[in-house]
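[1] give me a model of this one.
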Amino acid sequence: MKKRLTQSEEFDIMKMVLDKFLWLGIAIMGWGLFKVVEESTMSGLTLIIMGSILLILFLILVVKEFEVFR
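    Reported below is the predicted structural model:
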């Protein structure tokens, strides 16, 4: 017999997982900012853009998950 999670338990697990990915996006953007300040190159700007794209993708994922819960 499988145990079912409540809606609040599923939401708490989703928050923990997405929190890790959001920290990853912030870390990538921080590393890019460090590269821009240190070297003034396009590689730092590229990392900042990649981090922001990652954060936007997870924003879309969170919005879709909330729509599923409704």
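[2] tell me how far the residue positioned nearest the centre of the chain lies from I28.
    Among the residues of the chain, the one closest to the centroid is L22, at 2.9 Å (C-alpha atoms, centre = their mean). Distance, L22 to I28, using C-beta to C-beta, to the nearest Å: 11 Å. (Each C-beta comes from the backbone N, C-alpha and C, glycine too.)
[3] ok, now D19?
    Counting by C-beta to C-beta, the gap from D19 to I28 is 15 Å.
[4] which of the two has more residues huddled nearby?
    I28 (19 against 11; other C-beta atoms under 10 Å).
[5] give me the nearest residue to that one, chain neighbours excluded.
    Using C-beta to C-beta, 6 or more residues apart in numbering and skipping residues adjacent in sequence, the residue nearest I28 is G51, 3.7 Å away.
[6] and for K35?
    Nearest residue to K35, sequence neighbours excluded (C-beta to C-beta, 6+ apart): G44, at 3.1 Å.
[7] try T41
    K35 (6.5 Å).
[8] residue contacts, the one you found?
    Applying C-beta atoms under 8 Å, 6 or more residues apart in numbering, we find K35 in contact with 41, 43-44, 47.
[9] which of those residues are buried?
    Among the contacts of K35, those classed as buried by 16 or more other C-beta atoms under 10 Å are 44, 47.
[10] how about the contacts of K35, which pair is most distant?
    Largest separation among the contacts of K35 by C-beta to C-beta: T41 and L47, giving 10.1 Å.
[11] picking that back up, from the contacts of K35, which single one is nearest L55?
    Nearest member of these to L55, counting by C-beta to C-beta, is L47, at 12.7 Å.
[12] which residues touch the nearest residue to that closest one once chain neighbours are set aside?
    Nearest non-adjacent residue to L47, counting by C-beta to C-beta, 6+ apart: G32, 2.9 Å away. Applying C-beta under 8 Å, 6+ apart, we find G32 in contact with 43-51.
[13] closest one of those to F11?
    So of the contacts of G32, ranked by how close each gets to F11 (C-beta to C-beta), first place is G51, at 25.3 Å.
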